[in-house]
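Asker: missing the sequence, but the structure's below:
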């Protein structure tokens, strides 16, 4: 553990020292200007990475926050005579404000709709900045004097060191945040918003938090930007800039502070690289060879991860926000919900396209008259090659490589605690826990649930069976809050249960698994469970940023390990969920659902697709859960499972209850047999 | 590893800066791409034509050694941010003798401070916005290394207003773009209307943005208020959109405005809708004098065109180089400070294409920015668009210039 | 007097709005089969317009240029699909958002260098002389926009409904997996949708070029408004885009007259954000039921 700390922190400290020392040794104002811009862009890209890397969404508004922050800081100084700290705080606050405001309309959106929403905001901001001339000076621009910092006027060097200091502060705070429950929650959001809600982590609020944070950083970067250039114009903060920022994040590496830094360096230094033909030719040549090697290895090994060795997934899968997570899905880590297995099929396009792109780059370096003119195309080609062939970005790739080179050990596992301290035995009273009264769920003309009245007693295992399409899953979806019932009442412990909100239901103590797995596929097994602990081990944001919540982290980790041990996954705790075998994935969902110590656990076809040994294991697990006093609702088709476990069984058909009672009684009920088999007598 | 990459890149940049050999390092900067490109490119090409002529003749003799010009070009794309970065870069170059260029006033405002701080000599051409020079008189600097070689907007606005009055177009609409150039042009026009006796009534004042393609709303408002002429301050493509828009809603008023109305992209995009548009010009592409003829033919041949995209920019770039070269010769040095002193007191007249220049500049006086302005009113004429070319709007001007080509043109003492 | 100005603004604006509708229609085509859209569609419009300009400069007559231009557009669409979309679709990811943006950037930079950064006039036999219709000035160019839009949308809708290939299109839109099981290649259908989308973009370029002139940035503003139209109408709303396009175009025009021309973009953008917030499936779209 110590070794890991030394290596990682040591590298960062070295970088910091180097950056701080440059202006003292080299006296070139142009260089200093570039370095200052580099630190500003690094802060900006770290903010952008929160949405792009962690939330996995394409955020096209970050340049707008840069602009808003810049103008706020400028106006704070020109109109209100603020000093630098005040102006910068104002800029950050404005960034947060607008980010928070934008996150409301954008909250429920994913994918292209989210991108479009942010794009509109971007364009709207430019328009407002341009047209509101009385405030911003419009297209003529705004001169910005640099205010004093605690009384002292900052020259170029002083300003640079201020920016560097702020970068360090942001770096540390973000590392603490993103390796904490918050970071995991952001990633969970990306992988499965539905499960995130169902585990009691409010999707909407976390998304808003992530977005606000990212935009706040954008605002801060904007304030520094204003004081750096000392002249602002609306036409700088446009889509073109945004694309370059996005490309910087992707090229540098998503979900990584170093990646944001590398991306910023590329964005800032690239124009200068391009104006020197020789440097560019070397650079593109190297890139071409890399792409060629990767492509050839990819084709020959028939794997889409040419530089990835099997060892990696065991070593490094953990929330290490400091160096970057190399165990990302091949192709595009931006995945919507759903489990997909590793693609080991040779995908020749992925191997060849980067080579073609880099080849064009090399050709461009040789044949074009002026590489500067082709700046955008060069950036585009580089980006294309990286997105297709090296999706984890330069840092993502480098970190895997460096980790192997220096044998950096993975972070320590927390200590597992006894299961009892996690899931304390509950008193079961046998009284009604869940009561449904005439519950109806209609989808237009389809009556999926048609008047169900049901009581589930505390401490029991209550089975729910019926032929396909009988409404079992729908019923359970209504209870857990995925759908709002058309009519009817739901009571938990005598009090009405909130309807139509997965989050609210989860918070009340109802947990569930899903018929189609909704795991957080990119996260490790341990993280999947730890995410769900967020509601239990709450830490306030300021404490998290300062890194003072390690205690909670350890406890959450210990609890999670205990749960994993219960389902037999302790040894696989570092494996990404998507790499687990199918049976293990089912068990993981159960472990995750238990994290919140629910009163009621709903299992939606947990045995689906399981082979017999796994079914036996499942029985064991469910029994253990039952022994701790947790009430269970079990939807199943496997009759033997139902018979083994359930105290009571309810049978649905066409949305109505057709039988209820002990498993044996129900099995022999004529209406049940008719529903399943269509009339004729048969053994069950 | 990352640090190594950065250091290598940075050292690479430093190393590739040319070693100071026996050359006069000069930078040419302007928008070589974008909506202002015809002006920037013409200025650059005119300047380079002059430089190649000087170099072909062996260069300039400094301290007994023949030294040639070595040109560094930088494209600012008419973007202020780029202008600032380029200015920073050029200002940190060692042994740069001077800079010629800039088309856009905003770029000048964003970048020139880096030159002025270090006393690096720059001749602004063809940027005409008054603010380029008034920024220094407003700041009250005692010493100024920035000069301008263009007919600034104060002169141009006066001519535009004058032309409207002369043609009895009494109700006018003012159109201007939202940049510094447009806004200060509008202010110059309003100023001039007042100075010339308030004879014009401004019935509409309309703003448009760079990149706008559809000005129907503004034009409708102007038409409805009965404008008889549209006085306009803008650049390139937007001007053409206005000319075309005027034709579409059948406004029969002439367009009179700042010199960018002579640019090739206006002429081409407006087509016949541009005929009759008038603007002040320091140079008309007509071979009315031997020197003009030689220049026009030389330009056509060197750049393989039949029409100079922006004749004013080209001629000014050309003459600016010759003036700079004269200063270098007088200073007998490549040191930018010595060149500045020589510029402020040029002893020998410089035979240019536009005119023969006698002591175009004098010692900087913050109360009078004309000390660093080369042009006066009588060196500017009104041009008019006719079938894709710019010709003399008033024949009297053509006669006058042809006749006085052999006379020495001097700067009238102020 | 005043009413005629309003009418003029509304009509001119609405006609431009049809161009947005046309580009939005292109988005719909690809979204319906693959749930993806080309974020670089503006560049596709622009490159097609440039190619058509070059074709014309070779001396090829206008009416021969049009089908050639449409062909180029569909080829470009295929390129976008192959390079930017297919990989992401196969891996069930949304990487196509960034990839299509990147391809758009590439097209932009290439166009700047091949054809130059200036805006050039687009020669067309259709005259730009305004004619007076009920007191409103319209140019034949504007009328041709309306004609072109309706013509091509009509043709594609006919194709979708009447031909077998078109029905395959509809099948994949409705349920990709089921269609595959029925022997319809979803990949080929997606390719078809992208090539149709490219063709539509090329037509948009040809129609609008005489007004906006041809330059690298000619379509960047257009595309954002097309996004607005597509989303507000609903990405699966068919002809709904026409109505919304007309509405948005008119709204923009009126805004530029009454509020100020710099604000003309604002209503479209605000509408887009609101629409996404309140009804992401659009005014004419169908709501989705989540299944877990």
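Answerer: Arrived safely. For clarity, every value in this text was computed on a predicted model and none was experimentally measured.
Asker: what about the residue of the stretch 301-414 of chain B found nearest chain C, helix or strand, and which?
Answerer: As assessed by CB to the nearest CB, chain C sits closest to residue B:309 within the stretch 301-414 of chain B, at 9.5 Å. Every C-beta, even on glycine, is put in place using the N, C-alpha and C of the backbone. In this structure, residue B:309 sits in neither a helix nor a strand according to DSSP states H and E.
Asker: Hmm, it is touching residue B:263, no?
Answerer: Yes - Residue B:309 is in contact with residue B:263 according to CB atoms under 8 Å; the separation is 6.8 Å.
Asker: Give me the more crowded residue out of those two.
Answerer: residue B:263 (29 against 23; other CB atoms under 10 Å in any protein chain shown).
Asker: ok now do the more buried one, which residues does it touch?
Answerer: Applying CB atoms under 8 Å, 6 or more residues apart in numbering or on different chains, we find residue B:263 in contact with B:38-39, B:235-236, B:309-310.
Asker: Next one, pLDDT for it please.
Answerer: pLDDT, residue B:263: 87.
Asker: For residue A:456, which three-state class applies?
Answerer: Assigned with DSSP: H, G, I helix; E, B strand; the rest coil, residue A:456 falls in the strand class.
Asker: What is the burial count for it?
Answerer: The number of residues packed near residue A:456 is 24, by other CB under 10 Å.
Asker: repeat for residue A:349
Answerer: Using other CB under 10 Å, the number of residues around residue A:349 comes to 15.
Asker: tell me which element the nearest residue to it once chain neighbours are set aside is part of?
Answerer: Of all residues not flanking residue A:349 in the chain, residue C:87 sits nearest, at 5.8 Å (CB to CB, 6 or more residues apart in numbering or on different chains). Using DSSP H and E, residue C:87 maps to helix C:86-90.
Asker: what is the mean pLDDT for the very next helix or strand once past that helix?
Answerer: For helix C:86-90, the following helix or strand on the C-terminal side (DSSP H and E) is helix C:96-115. Per-residue pLDDT over helix C:96-115 has a mean of 91.
Asker: Indicate each strand paired with the next helix or strand after helix C:96-115 and its parallel or antiparallel sense.
Answerer: Past helix C:96-115, further along toward the C-terminus, the next helix or strand under DSSP H and E is strand C:131-133. Strand C:131-133 has the following strand partners under DSSP bridges: strand C:136-138 (antiparallel).
Asker: ok, the residue nearest to residue A:349 touching residue A:387?
Answerer: No - with contacts counted by CB under 8 Å, residue C:87 stays clear of residue A:387, the gap being 9.3 Å.
Asker: Which residues are in contact with each of those two?
Answerer: Residues within reach of residue C:87 and of residue A:387 at once, by CB under 8 Å, 6+ apart, are C:95, C:99.
Asker: do you know how far the residue nearest to residue A:534 when sequence neighbours are not counted is from chain C?
Answerer: Of all residues beyond its chain neighbours, the one nearest residue A:534 is residue A:181 (4.5 Å), with distances taken as CB to CB, 6+ apart. For residue A:181, the distance to chain C equals 24 Å [CB to the nearest CB, to the nearest Å].
Asker: again with residue B:70
Answerer: Summarising the geometry, the distance separating residue B:70 from chain C, computed by CB to the nearest CB, is 26 Å.
Asker: That residue pairs with what?
Answerer: Using DSSP bridges, the beta-bridge partners of residue B:70 come out as residue B:25.
Asker: what sits against it?
Answerer: Counted by CB under 8 Å, 6+ apart, residue B:70 has contacts B:18, B:23-26.
Asker: Could you dump these into CSV with neighbour count and pLDDT added?
Answerer: Formatted as CSV, these follow (neighbours: other CB atoms under 10 Å in any protein chain shown; pLDDT from 0 to 100):
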residue, neighbour count, pLDDT
B:18, 12, 42
B:23, 18, 89
B:24, 25, 91
B:25, 22, 92
B:26, 24, 94
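Asker: quick check, nearest of the residues you listed to chain A?
Answerer: Comparing the contacts of residue B:70 against chain A with CB to the nearest CB places residue B:18 closest, at 12.0 Å.
Asker: What's the separation between the one residue in the stretch 51-200 of chain B that gets nearest to chain C and residue C:149?
Answerer: Ranking the residues of the stretch 51-200 of chain B by distance to chain C (CB to the nearest CB) places residue B:178 first, at 7.1 Å. Note on residue B:178: its distance to residue C:149, by CB to CB, to the nearest Å, is 32 Å.
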